[in-house]
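Engineer: Everything below, folded, please.
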Amino acid sequence: MLQRSAPWLVLLASAVLEAVWATALGLSDGFSKPLPTVVFLVTATLSMLGLGLAIRSIPLGTAYAIWVGIGAALTVGWAMATGVEPFSVLKLLFIAGIVGCAAGLKALPTEKKQPAPAS
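Structural biologist: The predicted structure is shown next:
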């Protein structure tokens with residue numbers, strides 16, 4: 001069970017790191033502030049590496065959609081929680097939709113179907 005879950009856990013961690021690097025990018029002020037710039041560089045690298053590892057076991061389209069969706073949802077959620085963006089019930093609803101769609105993609109079977117033999 002853990003072997004099947006490991007790529008999904010790596011993907012989830014990579015999506016969280018995507019939210020971190022996106023936030024750090026905003027705080028870097030065009031890469032003029034050293035600490036947010038370093039945080040951006042480190043977390044962007046780790047996030048991409050995690051995505052690359054995850055797609056060894058998870059189909060690329062599914063993994064990428066989940067990575068972007070969760071990362072975007074966390075980025076907007078954090079921005080609203082910290083007051084960078086105004087809170088909105090509609091934003092919250094749409095974020096829930098993104099997360100729900102990502103969960104739906106995870107729930108789909110990932111087994112590749114064998115092509116039918118040629119006659």
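Engineer: ok, and the closest non-adjacent residue to A19?
Structural biologist: Distances taken as C-beta to C-beta, 6 or more residues apart in numbering place L74 nearest to A19, at 3.6 Å, with adjacent residues excluded. No exception for glycine: its C-beta is placed from N, CA and C like everyone else's.
Engineer: same for the helix or strand of the chain with the lowest mean pLDDT, what does it pack against?
Structural biologist: Within the chain, no helix or strand scores below helix 89-107, which has a mean of 89 by mean pLDDT, DSSP states H and E. Here helix 89-107 touches helix 60-81, going by 3 or more C-beta pairs under 8 Å, 6 or more residues apart in numbering; DSSP states H and E.
Engineer: returning to that earlier point: was I right to think the residue nearest to A19 contacts S14?
Structural biologist: No: at 11.6 Å, L74 does not count as touching S14 under the criterion of C-beta atoms under 8 Å.
Engineer: Next, P109: secondary structure please.
Structural biologist: What DSSP: H, G, I helix; E, B strand; the rest coil gives for P109 is coil.
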